[in-house]
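**Student:** Generate coordinates for the sequence data below:
(chains A and B)
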2 protein chains.
Amino acid sequence: MLSPVSWNENGVHIIEQTRLPGEEVWVDLESVEQVAHAIRILDIRGAPAIGIAAAFGLALAAKICPDQDPESIKACVQEAARILGGTRPTAVNLFWALERMQAHLTALGEVDGPRLRQSLLAEAEKIRAEDIESCKLIGKFGGALLPEEGTVLTHCNAGALATGGYGTALGVIRGAVEAGKRIRVLADETRPLLQGARLTAWELMRDNIEVTLISDNAAGHLMSKGEISACVVGSDRIAGNGDVANKIGTFSVAVLAARHGIPFYVAAPTSTVDLSLASGDLIPIEERDPSEVTHPRGIQIAPAGVAVRNPAFDVTPHDLVRAIITEKGVATHPNMAAQLQEMVSKAR
Amino acid sequence: MLSPVSWNENGVHIIEQTRLPGEEVWVDLESVEQVAHAIRILDIRGAPAIGIAAAFGLALAAKICPDQDPESIKACVQEAARILGGTRPTAVNLFWALERMQAHLTALGEVDGPRLRQSLLAEAEKIRAEDIESCKLIGKFGGALLPEEGTVLTHCNAGALATGGYGTALGVIRGAVEAGKRIRVLADETRPLLQGARLTAWELMRDNIEVTLISDNAAGHLMSKGEISACVVGSDRIAGNGDVANKIGTFSVAVLAARHGIPFYVAAPTSTVDLSLASGDLIPIEERDPSEVTHPRGIQIAPAGVAVRNPAFDVTPHDLVRAIITEKGVATHPNMAAQLQEMVSKAR
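**Tutor:** A predicted model of the protein is given here:
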């Protein structure tokens, strides 16, 4: 199974996603700064995968800490958590994983250095294994919601590449396909960083799942022609009321889907649910570099010096979300908030 | 004034829009096939500008026709009309201009070859001059609809570059600015061919009108944050009921605008109104080459061999259009169809 982040003898083993689909390059990250850099430039991206990488990043910090005593290792881990926590603001799985690892460290109590390292790594491995298991459950629950035959629109990449493996939104599609449903995928290219064109198309073609690429602008037209049966996307953070932050443009898909009566589903593990936020307008939205808009793949497409706005995420209000699919089940209206709360409780 | 299509001693003088904003290259097209090619590859684009180019294309056919007798020249013109009419299916101004020129030819009656050539060229020049005049009237009528101060979103390029000069949607913005209103523009980049990033940003910066570029995906987010006061777009064809065909993605902007209570205006000359079609679903939608999606500016962004859908236009139903602004006035609900009909009658 394709898994974009794992552990090996050198440290954190990743596929450099910015090179896809042109090149498939796997590298080992051997310092916390390398892990942070990979997250910042989106060689590692997708909320669950960022969480896994952060957990491995703390295990790596412990492994390479020059001192051997537990207190020094803990200090190395705290410093790594500070660095990794500063990489990207929106995906809550990052903070969730850092907190879970730190809580694990605290719960360990008095152990020696080697034991501490081993236990942190085991916890990071557990986060990764649980994420893969969650994706498969999301695939099972979500796959059941899709029609026996149809075309599913997805935005950005919420696939194997965004998770430990299998994917959330693409997990739902894989789940449906494995259940024998005849599902075709329409992939929004997802400007500015083209994760749909580069990553979703790539991983679905690799799995022989029928995929057709469109510019983001074409989604509404194809909906109006009756060519889309359902929409499924991932999420970077879900507020307590079911509002969903996801890649910029997701909100447009949801509004268009609502106009056409097309179900709009969100697939994410409970680690993406942030009960501390009452609604989506409290979710911090990262603004990224203007060059992502003016220079796709390094090629200048706009006049030099033009002003740019480049929000990386938007928030889809819960009223536009037909269901949120997690590894603990499916939250629907009218009790979406209560169901989310229950799912998160079950996951703890 | 910037004018993308005009006549000179060599033939049809154009700016090669596919090279913008990197290079500003003006060329003379000296054969009908060159004019047709320039329209097909979008060196000439924008419904009114295509109409003007087609009219000049017929004048060119007459000019370069190897025979001097009127019947031979008429045959050359008919053959040119056939070639030019096959370039692009959606923009009705193309067919409108070809028909007007051919009607002019018929109305000319028995004249000699030189007179026929001169008269055809004069009619083409008239089409161009009227278009510029129409844009200025559209700017006056439309400018009055914009707030004293605000941010206007536009999609694609309905500017000077898409017309004889001044622009339709950008004419509305120019009209408002000239009336002393403080208008900032948000330009959707407009994938796949990036006319917003390449052309709208370029021509507004050239005019010192404040412009900020966004990916198409960011429009909904900025609307939800209250950052957009109005939307103004052009059109390639308007059906008798007010349904509007325009660049792919326009429909998404209109649906998002409706959700946020933001006025959505369409600016176009009456030559864009096609009363022969009762509604927008009868407008032919051009599907263009997949490489426009997979290879923006020639750079591969998707896996080799991926399937692609690439509709170049979509239809925005009239219920989402607050007003259609023509050179004859402003059509609004509830009598949009009747008002369109009256405007077209006035224009004849």
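**Student:** Please identify the helix or strand for A:W202.
**Tutor:** helix A:201-206 (DSSP states H and E).
**Student:** any residue of that helix up close to chain B?
**Tutor:** Yes - remark: helix A:201-206 sits within contact range of chain B at A:A201, A:W202, A:M205, by C-beta under 8 Å from any C-beta of the partner chain. From N, CA and C alone the C-beta is placed, and that goes for glycine too.
**Student:** so what does that helix touch, helix or strand wise?
**Tutor:** Contact partners of helix A:201-206 among helices and strands, from 3 or more C-beta pairs under 8 Å, 6 or more residues apart in numbering or on different chains; DSSP states H and E: helix A:169-178, strand A:182-188, strand A:211-214.
**Student:** starting at the chain centroid, how far to the shortest one?
**Tutor:** Okay, so that is strand A:211-214. 20 Å (C-alpha atoms, centre = their mean, to the nearest Å).
**Student:** of all the residues of helix A:201-206 next to chain B, which comes closest to B:Q34?
**Tutor:** The shortest approach to B:Q34 among these belongs to A:A201, at 36.4 Å (C-beta to C-beta).
**Student:** you'd agree that closest one is up against A:E210?
**Tutor:** No - with contact defined as C-beta atoms under 8 Å, A:A201 does not count as touching A:E210 (11.1 Å).
**Student:** Would you indicate which residues of the helix or strand harbouring A:G51 are buried?
**Tutor:** Using DSSP H and E, A:G51 sits in helix A:47-64. Buried residues in helix A:47-64, counted by 16 or more other C-beta atoms under 10 Å in any protein chain shown: A:47-63.
**Student:** now swap in stretch A:309-320 and tell me
**Tutor:** A:R309, A:N310, A:P311, A:A312, A:F313, A:D314, A:V315, A:T316, A:P317, A:H318, A:L320.
**Student:** Same question for stretch A:247-265.
**Tutor:** Using 16+ other C-beta under 10 Å as the test for burial, stretch A:247-265 gives A:247-259, A:262-265.
**Student:** Could you list which of those also contact chain B?
**Tutor:** Within the buried residues of stretch A:247-265, those near chain B by C-beta under 8 Å from any C-beta are A:K247, A:I248, A:G249, A:F251, A:S252, A:V255, A:L256, A:R259.
**Student:** how close does the residue nearest to the third one when sequence neighbours are not counted sit to B:N157?
**Tutor:** Spatially, and ignoring its direct neighbours in sequence, A:G249 is nearest to B:N217 (2.8 Å; C-beta to C-beta, 6 or more residues apart in numbering or on different chains). Look at B:N217 and B:N157: by C-beta to C-beta, to the nearest Å, they are 19 Å apart.
**Student:** can you map out the helices along the stretch 101-250 of chain A?
**Tutor:** For the stretch 101-250 of chain A, applying DSSP state H, counting those that start in this stretch gives helices covering A:113-143, A:169-178, A:195, A:201-206, A:219-224, A:250-260.
**Student:** Quick one, which of the ones you listed gets closest to A:N335.
**Tutor:** Here helix A:113-143 is closest among these (C-beta to C-beta), at 16.8 Å.
**Student:** Let me see the mean pLDDT of the closest one.
**Tutor:** If you average the pLDDT over helix A:113-143, you get 98.
**Student:** Please apply the same query to stretch A:201-210.
**Tutor:** Mean per-residue pLDDT for stretch A:201-210: 98.
**Student:** and that stretch, C-alpha only, in PDB?
**Tutor:** These are the backbone C-alpha positions of stretch A:201-210, laid out as PDB (Å, rounded to 0.1, in the frame of the first residue of the first chain):
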ATOM      1  CA  ALA A 201      -4.900  11.700 -10.700                       C
ATOM      2  CA  TRP A 202      -1.600  10.000 -10.100                       C
ATOM      3  CA  GLU A 203      -2.700   7.800  -7.200                       C
ATOM      4  CA  LEU A 204      -6.000   6.800  -8.700                       C
ATOM      5  CA  MET A 205      -4.400   5.900 -12.000                       C
ATOM      6  CA  ARG A 206      -1.900   3.800 -10.100                       C
ATOM      7  CA  ASP A 207      -4.900   2.000  -8.500                       C
ATOM      8  CA  ASN A 208      -6.700   1.600 -11.900                       C
ATOM      9  CA  ILE A 209      -9.600   3.700 -10.600                       C
ATOM     10  CA  GLU A 210     -11.200   5.700 -13.500                       C
END
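**Student:** can you list the residues that contact it?
**Tutor:** Residues from elsewhere that reach stretch A:201-210, judged by C-beta atoms under 8 Å, 6 or more residues apart in numbering or on different chains: A:2, A:20-21, A:157, A:159-161, A:167, A:170, A:173-174, A:177, A:183-185, A:187, A:211, A:213, B:302-303, B:305-307.
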